[in-house]
Each structure stands twice: as C-alpha cells, then as structure tokens.
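Visitor: with the sequence up front, the predicted model follows.
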Amino acid sequence: MKNVNPRHGSMQFWPRKRAARAYARVRSLPTVKDAKPLVFAGYKVGMTHLIGIDTQKNSPTKGDQVAYPVTVIECPNLKIVSVRTYKANGYGSSVNQELFFKHDKELLRKTTVPTKLASIEDLDKLDLTDVLDVTAVVNTQPNKTGLGKKTPDVFEISFGGSDKEKINYLKNHLDLGIAITDVFSAGSVVDARSVTKGKGFQGPVKRFGVSIRSHKSEKTIRGPGSLGPWKGQGHIMYRVAYAGQMGFHQRTQYNNQILMISEDLDKVNPKGGFVRYGNVKSQYVLIKGSVPGPSKRLIHLTAPLRSTQQPALPTIEYVSVESKQGN
C-alpha cells in the first residue's frame, strides 16, 4: 500500500466532515481565578507583517530586527444579550434562570428575544443557591467592522472567578459591552478556534497526500494501493485514505501570542484595504503567525488550555501597510 504523507495525517482527525456551523464551538476551558471572560471573538481580516526588536532572553537574534508574520483580527465589543445560571440535573446540568437585556434590532435577525427585558437590578435578585455556573450569551457587532454585513453572530461565553464575582463583572459591562482589552493584553498567549477554509470534495492525493502510482498500475493512478483485506469486515474500512470532504473542519490552534492590541487604524490599514475584506474600522489584534480559516470568518480566542511560559514581547518598530492587492 502506498504510504500516506505524514504531514496530512490520515488519522489525526476523524470524522473528516463539514462543521455544523461556520463558527467554532468551545467545549473545554481552563479554570481561572480572575473574574473575567475566558472567550472573545473577532473577524479574521487577513495577514501582514511587522518588524520588531527580538527581546527573548536566550534567542540568537536578541537585540536584532526580526520580521514577524501576523494575522489581523478585528474585535469590536461584544454586547451582552442574556445572563444564564446552570443547575445540576440527572444528566449533567441545564439552564435554570435566564435574564434578557436591551439589545439592537439586528439581533432579531439571528434569534428570538422575549418582550419582557431585565435591568441591572434584576441581576442582584438571581438565586445563586446550588448554582453550578454563571455564563452570558453575547453577540458580535459586525456593523462596526469592514465586513459589510449586519447580522450578528450569537454565542455563549464562560467566566473565571466565583459566581458572585461573575455577576458583578456582568453588571459593570452590561451597558458598554465586553472589550478585547478586558479579556487579553499584548503579550498574552491564546488558543485560536475556528472553522478552516472549505475545499469541497477532494480525492485522496490532495486530501491525504497519497503518492501518485505508476502509469502501469491497474485500475487507478490517483488512489491508494490497497483498500484493505479481502475478507473479514466485508467493507472498506474508514482508515483507508479515500476521497471525501476536505476543509470546513473545526480546528483549535494552541498557544498563539498576541503581539499588539490597538485602535489606531492608520497603523494597520494598507493602501486599497485588505483583499476580500476592506478596511479595519474598530479595535483589532495582531496575532503572531497564521490562524485557521479564510478572511471574514469568526475566530474564537480563548484562554490557553496548555500551560506555557509567555514569550517575551518584541519591541514593535514598524507594521507593514503596503498594498496587498497584488498578492
């Protein structure tokens, strides 16, 4: 049987099917003592590069100018839609209480909100007896970005700290919303969760890196050398590198460093705008390296699951604003 290219890793992810929706779901988060959100989300703009002075203690390029590729993610404030409390039931936990607050009319394009809305004072009346967790449902504000769409994305976020601290945090941010600077800072390490770029139905050569067979081979050239044993299971095993869906899978990329958080639009907007996006219009972050997903996709930034030492932040001297239209 022809070998599968290890960089494609046929058994690293399974099943290789399309994600249920175009934004990632967050199912695991670390335990944090600080009362602050563990999740934020922004829209992927594109990539550029910056030049900075390397400040890593033991780096061979310490004190030298280094070029860093960076991903630009536009991060307008998240608006709080509702606050939920969870209690245990026979099968885990379920929503026990939920308070809905004042919202923009664009939210009604995405979800149904009851006519009776709560106020800040109602948060103090929540019964926290035997409560397992306090979370918030938030929505993005794409109308404040260069996306060119009105319909917000709605998702649930978790918080660190005790239940009372979570309620106090939500009371303080109910009117202004949650900003990226309330969650992360320059130099922070985050996990990026997103849905990758979809490539449709592809064959095994592109999908798994199977070698193209000799022109004298039987039946097929762009396929695996063997489909498995002659008897036994009576069908083709799922482990065989075969054609199918490629891309549009949910993936988590661990330990990405935030190099810059800024509202200075002139520092990042290139001449002619970003390809397939336009100009950044609100607060943004620059993340070292690439992030899964195409431009305009919603990227979830979460507190890191895998503990790591925070790298030294380079001293940024220049961010490229040259035109990206020819790339």
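Guide: Sure thing, it's come through. Everything quoted here is computed from the prediction, not taken from an experiment.

Visitor: low-confidence ranges, the stretch 101-250 of the chain, go.
Guide: 231 (pLDDT under 70).

Visitor: what about the helices in the stretch 151-300 of the chain?
Guide: Under the criterion DSSP state H, counting those that start in this stretch, helices of the stretch 151-300 of the chain are mapped to 163-172, 204-208.

Visitor: could I get these as a markdown table with distance to Val26 and mean neighbour count?
Guide: Backbone N, C-alpha and C define where each C-beta goes, glycine included. Below are the helices of the stretch 151-300 of the chain laid out as a markdown table (distance: least, Cβ to Cβ, whole Å; neighbours: other Cβ atoms under 10 Å):
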| stretch | distance to Val26 | mean neighbour count |
| --- | --- | --- |
| helix 163-172 | 17 | 17 |
| helix 204-208 | 27 | 20 |
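
Visitor: out of those helices, flag the one nearest Val81.
Guide: helix 163-172 (11.4 Å; Cβ to Cβ).

Visitor: how much space between Glu317 and Ser82?
Guide: 44 Å (Cβ to Cβ, to the nearest Å).

Visitor: neighbour-wise, which of these two wins?
Guide: Using other Cβ atoms under 10 Å as the criterion, Glu317 and Ser82 rank with Ser82 on top: 22 against 10.

Visitor: for the more buried one, what are its contacts?
Guide: Ser82 makes contact with 98-101, 136-137 under the criterion Cβ atoms under 8 Å, 6 or more residues apart in numbering.

Visitor: name the element it belongs to?
Guide: strand 79-89 (DSSP states H and E).

Visitor: after that strand, which helix or strand is next?
Guide: Once the chain leaves strand 79-89, the next helix or strand it forms, by DSSP H and E, is strand 92-100.

Visitor: direction included, what does that following strand pair against?
Guide: If you go by DSSP bridges, strand 92-100 pairs up with strand 79-89 (antiparallel).

Visitor: chain center to the strand it pairs with: distance?
Guide: On the basis of Cα atoms, centre = their mean, to the nearest Å, strand 79-89 sits 22 Å off its chain's mean C-alpha point.

Visitor: got the angle between that strand and helix 163-172?
Guide: 160 degrees (axes from the mean of the first three to the mean of the last three Cα atoms, to 10 degrees).

Visitor: list the buried residues in strand 79-89.
Guide: 79-86 (16 or more other Cβ atoms under 10 Å).

Visitor: burial count for Ser211?
Guide: 14.

Visitor: now it: how far from Pro224?
Guide: 9 Å.

Visitor: from Ala312, how far off is the nearest residue to Asp64 once chain neighbours are set aside?
Guide: Distances taken as Cβ to Cβ, 6 or more residues apart in numbering place Asp54 nearest to Asp64, at 5.7 Å, with adjacent residues excluded. Using Cβ to Cβ, Asp54 is found at 8 Å from Ala312.

Visitor: ok, Asn89 next?
Guide: From Asn89 over to Ala312 the distance is 47 Å, taken as Cβ to Cβ.

Visitor: ditto for Gly148
Guide: Gly148 is 38 Å from Ala312, by Cβ to Cβ.

Visitor: settle it for me: which of the two has more neighbours?
Guide: The residue with more neighbours, out of Gly148 and Ala312, is Ala312; 15 against 10, by other Cβ under 10 Å.

Visitor: so who does that one touch?
Guide: 55-57.

Visitor: dump those residues into TSV; add pLDDT and secondary structure as well.
Guide: Output for the contacts of Ala312, formatted as TSV (pLDDT from 0 to 100; DSSP: H, G, I helix; E, B strand; the rest coil):
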residue	pLDDT	secondary structure
Thr55	94	coil
Gln56	92	coil
Lys57	90	coil
